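> Provide a 3D model corresponding to the input given below.
(chains A and B)
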Amino acid sequence: QKEVEQNSGPLSVPEGAIASLNCTYSDRGSQSFFWYRQYSGKSPELIMFIYSNGDKEDGRFTAQLNKASQYVSLLIRDSQPSDSATYLCAVIWDKIIFGKGTRLHILP
Amino acid sequence: DTAVSQTPKYLVTQMGNDKSIKCEQNLGHDTMYWYKQDSKKFLKIMFSYNNKELIINETVPNRFSPKSPDKAHLNLHINSLELGDSAVYFCASSQGLAGPTDTQYFGPGTRLTVL
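Predicted coordinates:
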């Protein structure tokens, strides 16, 4: 059974610090990995995707992928209160499977 | 311009009723999806259509019936609604199907409450 695991949180991080969100997945046959952000009462929106081992940076966000360890993470630098949301990890095999999300709370 | 739109935004109904949710995308995408997000915020795929053809049909009660009249529209009809159907239903679209860069674009969601 293909699964995507995330710590549900909440993860509390002081404003200006680095927030680190983690995701593990069960099957090595996955092709690509996505991070979505979902504000309360809103729909998920894409932050970034990654499909090669290593790091991918986009502004304050960095996705890190380690296929050998079946691990993908999202780092948010200089965390802002507006980053407070639920972050969903998604993995594509023959279909997309979402993790249950990690609630992030940035403390002003 | 709304990329993926859903109607209605809220739906409150009694157990046993039949209801429909409509979805339209103007992104020119080939694939559309229905997701259910429960009270614990778990987002789970229900159905996927690619060019009007059903591709993914998860373990969903057959009271749920999707219909895709064309590749820009995907509707969801639910018969004999039950309390456990209460959730937020999201429509989404993507260019391809499960490809490496197939970003999902979500609609605003329909909050269904069954009384």
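> what bridges to the most centrally placed residue in chain B?
Closest to where the C-alpha atoms of chain B average out (C-alpha atoms, centre = their mean) is B:Trp34, at 2.7 Å. In this entry, B:Trp34 is beta-bridged to B:Phe47, B:Cys91, by DSSP bridges.
> I'd say A:Ser12 and A:Arg103 touch.
No: if you go by C-beta atoms under 8 Å, A:Ser12 and A:Arg103 don't touch, sitting 9.4 Å apart. Where C-beta positions appear, they are placed from N, C-alpha and C, glycine not excepted.
> Looking only at neighbour counts, state which of these two leads.
A:Arg103 (18 against 12; other C-beta atoms under 10 Å in any protein chain shown).
> how about the residues of chain A that lie near chain B?
A:31-32, A:34, A:36, A:38, A:42-46, A:49, A:51, A:86, A:88, A:90, A:92-98, A:100-101 (C-beta under 8 Å from any C-beta of the partner chain).
> Could you rerun that using 6 Å?
A:Gln31, A:Ser32, A:Ser43, A:Pro44, A:Leu46, A:Tyr51, A:Ile92, A:Asp94, A:Lys95, A:Phe98, A:Lys100, A:Gly101 (C-beta under 6 Å from any C-beta of the partner chain).
> what does the lowest-mean-pLDDT helix or strand in chain B rub up against?
Of all helical and strand segments in chain B, the minimum by mean pLDDT, DSSP states H and E falls on strand B:53-57, at a mean of 86. With contacts defined as C-beta atoms under 6 Å, 6 or more residues apart in numbering or on different chains, strand B:53-57 is touched by A:Lys95, B:Phe47, B:Ser48.
> residues contacting the last one?
I take that to be B:Ser48. Here B:Ser48 is in contact with B:Tyr33, B:Ile55, B:Ile56 (criterion: C-beta under 6 Å, 6+ apart).
> Show me where chain A dips below the pLDDT cut-off.
Residue ranges of chain A with pLDDT under 70: none are present.
> In chain B, mark out all the strands, start to finish.
B:4-7, B:10-13, B:19-25, B:31-37, B:43-50, B:53-57, B:64-70, B:73-78, B:87-94, B:105-106, B:110-114 (DSSP state E).
> and chain B, which residues reach chain A?
B:Lys41, B:Phe42, B:Leu43, B:Ile56, B:Phe90, B:Ala98, B:Pro100, B:Thr103, B:Phe106, B:Pro108, B:Gly109.
> Quick one: buried ones out of the residues you listed?
Burial by neighbour count, judged by 16 or more other C-beta atoms under 10 Å in any protein chain shown, picks out B:Lys41, B:Phe42, B:Leu43, B:Ile56, B:Phe90, B:Ala98, B:Thr103, B:Phe106, B:Pro108, B:Gly109 from the residues of chain B next to chain A.
> what two of these have the greatest distance between them?
B:Ala98 and B:Pro108 (23.9 Å; C-beta to C-beta).
> what bits of chain B have low per-residue confidence?
In chain B, residues with pLDDT under 70: B:1, B:98-100.
> ranges for the strands of chain A?
Using DSSP E, strands in chain A cover A:4-5, A:11-14, A:19-25, A:32-38, A:45-50, A:54-58, A:61-66, A:71-76, A:85-92, A:96-98, A:102-107.
> Cool, thanks, talk later.
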